[in-house]
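# Sharing a model that was predicted from the sequence below.
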Amino acid sequence: MLLQTIKSSFSRLASRKLRTFLTMLGMIIGISSVIIIMAVGAGAQGLILNQIKSIGSNLVGILPGASDENGPPASVMGITVTTLKYDDALAIAKKENARHVQSVAAYVKGTAAVSWENRSLDTTFTGTTASYAEVEEAEVAAGQFFSNEDEKTISRVAVLGSQVAKNLFAENDPIGQTVKIKRESFRVIGVMAKKGSVAFQNQDDQIFISLYTAQKLFLGISHVSYIRAKVDEAQNLPQTIEDIKATLRERHNINNPANDDFSVRSVQQALDVFTSVTDALKFFLAAIAAIALLVGGIGIMNIMLVSVNERIREIGLRKAVGAKKSNILSQFLAETLVIALGGGLVGVVIGFAVAGLVAVIAKYLGYQWDFVVSLFSVILAGGISAVVGLVFGIYPAYKAANLDPITALRYE
C-alpha cells in the first residue's frame, strides 16, 4: 500500500514537471545554503585558524586602541589610532619591565610603486626594527637585514621579500643594486628567504625598510601600527601580557584599566576572538538559510492547497468508492514529502558542487583550504527536508482528507 502511494505520488508530480520544479526551488535554495554554509564555513574557519597560528604560539601582539575581551581593537576595524610609539616597544623590551620577553619589533605599513631600471611593480613596504627577523623567525637568504644603527636616522637601505626580488630582478643579483621606492633611492642590502602567507599577508611580496625611514620619509607619522613581542616560553604568556599592560599603563599615565588605549593579545586570545566572531556569522547565515527553507515550505503548502482544489472531484470519487481519510491523507503527505525530499536531494548536490568549487578556487589562489562536507550535514539536510515536508504538508493533506464526498462530487 505504501509503495503504491509513493508510485502514485511520483506519477502525479511527473505529470506537472514545471510546477513540481518551481515548488522544489525554495527547498533547493534552502538546503544548498545549509550545505554551503557548513562546508565553506568549516573551510574558512580552518584556513583562518591556520593563518593565525602561523604567526607563532609564543608571540604577543600589542595594538593601539582599547577593546573588550571578546572584540577586536578599533585599529583592526580600520580606524586609525595613534596611541602606540616606538618608545613603547623599547620599554617592553627592557627585562625589568617584562622579564620573559626575548625580543620586540614595531611596525608600520604602506603601499608603494617600486622600480629598478625599466621594471616596476606595486607592493607593500614594511617599516620595522632590526629585531624583525628574530621576532618573526624570518631568515635572510642573501645579504643582511638592516642594523640598529639604521633605525636612528633616515637610512636608505632596503631588504626585499623573495617574490619582489624575483619579479623585479629576475635572474640578476639584487644585492647592492639601487631601487626606487616612491621615487626615493634605496640600496638593496638583503633578500629574505621564502616564507609564504602568514595571517593573510604574503610575506614574500613586500619590502622592508627601517621604521624611522618609513615614518618620516613616506608616512609622515610618529606612531606605530602595532608591536609584537616574542616570549621565551608559551607558558609565560599570561604573566608577560600582564607585565606589558602594566608597562604601557605607566608610560601612558593610565590608572584605571578601563581607560586603556591599547590592546594586548596572545595568539590564543586572538583565536578565541575569531571563534566568537565566526560563531555569530554562522548563526546569521543559518538564519538566512532558515528563512529560505521557511519560504520554500510555504511555497510547498500553497501549491498543495491549489492541488487539493484542482482535485476535489477526484477526492470525492475516491471516497465514494471506499477510500478512507487515512488514504487521502497519506496520498497528499506522500506528494509533499517527495517534493521536499527531492528538493533536498538536489540542494545537497548543488551544495556539494558549490562548496567543492570554492575549495578548488581557494587552492588555486594559494590558500590551504580543506573541502569539508560532513556526513552530519547531509543527514541534517535530509532531516530538515523531511520535517519541512511534514510540517507544511499536514494542512493541505488534512483539508483533502476531510472533504465531504457528496459536496466534492457536486464540485465543478
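Looks like it came in fine.

# Any stretches of this protein with poor pLDDT?
1-17, 51-56, 67-79, 197-200, 366, 404-412 (pLDDT under 70).

# Point to the residue nearest the middle of the chain.
Ala44 (4.7 Å; Cα atoms, centre = their mean).

# which residues does that residue contact?
In this structure, Ala44 makes contact with Thr278, Trp369, judged by Cβ atoms under 8 Å, 6 or more residues apart in numbering. Any C-beta I mention is one placed from the backbone N, CA and C, and that applies to glycine too.

# From Gln368, how far off is it?
Here Ala44 is placed at a distance of 11 Å from Gln368 (Cβ to Cβ, to the nearest Å).

# that's a strand at Arg185, yeah?
Not quite, residue 185 is Ser, not Arg. Yes: assigned with DSSP: H, G, I helix; E, B strand; the rest coil, Ser185 falls within a strand.

# Tell me what Ala158 is bridged to.
Val188 (DSSP bridges).

# Could you tell me how many residues sit around it?
26 (other Cβ atoms under 10 Å).

# and if you look at Ser185?
Neighbours around Ser185, by other Cβ under 10 Å: 10.

# is it fair to say Val373 lies in a strand?
No: Val373 sits outside any strand when classified using three-state DSSP, being coil.

# Would you check that it makes contact with Phe352?
Yes: with contact defined as Cβ atoms under 8 Å, Val373 and Phe352 form a contacting pair (6.0 Å).

# residues shared between the contacts of the two?
Ile35, Ala39.

# tell me the contacts of Leu403?
Leu403 neighbours (Cβ under 8 Å, 6+ apart): Val308, Ile312, Ile315, Gly316, Lys319, Ile328.

# how deep is the second one tucked in, by neighbour count?
The tally of other residues near Ile312 (other Cβ under 10 Å) stands at 17.

# same check, this time on the fourth one
Using other Cβ under 10 Å as the criterion, Gly316 is surrounded by 19 other residues.

# Could you do the first one as well?
The local packing of Val308 (other Cβ under 10 Å) involves 21 other residues.

# which residue sits closest to it, ignoring its sequence neighbours?
Leaving aside its sequence neighbours, Val308 sits nearest to Ala400 (Cβ to Cβ, 6 or more residues apart in numbering; 4.6 Å).

# which residues does the one you found contact?
Val308, Arg311, Ile315, Ile328, Leu329, Gln331, Phe332.

# Secondary structure element for the third one, which one?
Meaning Ile315. Element membership for Ile315, per DSSP states H and E: helix 312-320.

# Now do the helix or strand that that helix is followed by: distance to the chain's middle.
Counting by DSSP H and E, the next helix or strand C-terminal to helix 312-320 is helix 325-364. Chain-centre distance of helix 325-364: 26 Å, with Cα atoms, centre = their mean, to the nearest Å.

# For helix 325-364, buried residues please.
Neighbour counts over helix 325-364 (16 or more other Cβ atoms under 10 Å) mark 328-348, 350-352, 354-355, 358-359, 362 as buried.

# likewise stretch 212-231?
212-215, 217-219, 223-231.

# Next, the distance between the ends of it.
25 Å (Cα to Cα, to the nearest Å).

# Okay, and which of the buried residues of stretch 212-231 map to helices?
Using DSSP state H, the members of the buried residues of stretch 212-231 that fall within helices are Tyr212, Thr213.

# quick one: which two of the buried residues of stretch 212-231 are the most distant?
Leu217 and Val231 (32.2 Å; Cβ to Cβ).

# Quick check: the farthest pair among the contacts of Ala400?
Greatest spatial distance among the contacts of Ala400 (Cβ to Cβ): Arg311 and Leu329, at 13.7 Å.

# residue ranges for the strands of this structure, please.
For the chain, the strands defined by DSSP state E cover 59-64, 101-116, 119-128, 140-143, 157-160, 178-181, 184-192, 197-198, 201-202, 206-210, 226-231, 262-266.
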